[in-house]
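# Quick check, what structure comes out for this input:
(chains A and B)
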2 protein chains.
Amino acid sequence: MRYRIAVEVMLKPAILDPAGQATEGILQQMGFSAEDVRIGKRITVETEADSAAAAEIAGRQMAEKLLANPVMEDFSVSVVAL
Amino acid sequence: MRYRIAVEVMLKPAILDPAGQATEGILQQMGFSAEDVRIGKRITVETEADSAAAAEIAGRQMAEKLLANPVMEDFSVSVVAL
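Numbering: from 1, shown residues only, chains lettered A, B, ... in the order given. Predicted coordinates:
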């Protein structure tokens, strides 16, 4: 079956995010209530797998081996059937 | 109340994503089933709002005015209470 994996990769909370800080300043200047702005990545991958569980395992392996930097980033994986 | 807004910004399907294509090639070389890889952004913002609905409206405004490029990108907004 075909699934779409979404891998969300965010900087760990202890890691400074200068782009997020700049964006936060602009949002505040625009009048928004905005704090702790963080900018991460969202990677979507279509994949063939026997089950949603297998697709999620594949997604975690993709994140661990390529898509995320485990020293600086946390990730989460979600799967939807197509 | 305090909420965390998550704005997910992805290139529109018709827009070429060279970074996604490069990532797709590497995932395939690593042995993964991977097609139509797309790399987008996930921006999280903590905000003060009267309700989750108000926080979501603020998130949509942030996306429309600053975080997304409506010509090239689609976005979605989700909200969780903190």
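# From here on, just use CA atoms for contacts and neighbour counts.
Noted.
# and chain A, which of its residues are near chain B?
Within reach of chain B by C-alpha under 8 Å from any C-alpha of the partner chain, chain A has these residues: A:8, A:10, A:27, A:32-48, A:58, A:62, A:66.
# report the angle between the axes of the lengthiest strand in chain A and strand B:35-48?
As far as residue count goes, and with DSSP state E defining each element, the longest strand of chain A is strand A:35-48. Counting by axes from the mean of the first three to the mean of the last three C-alpha atoms, to 10 degrees, strand A:35-48 points 160 degrees away from the direction of strand B:35-48.
# what residues does strand A:35-48 touch?
If you take C-alpha atoms under 8 Å, 6 or more residues apart in numbering or on different chains as the criterion, strand A:35-48 is touched by A:1-11, A:17, A:19-21, A:23-24, A:55, B:8, B:10, B:33-47.
# for the following helix or strand past that strand, the distance to its chain's centre please.
Of the helices and strands lying after strand A:35-48 in sequence (DSSP states H and E), the nearest is helix A:52-62. Computed by C-alpha atoms, centre = their mean, to the nearest Å, the separation of helix A:52-62 from the middle of its chain amounts to 15 Å.
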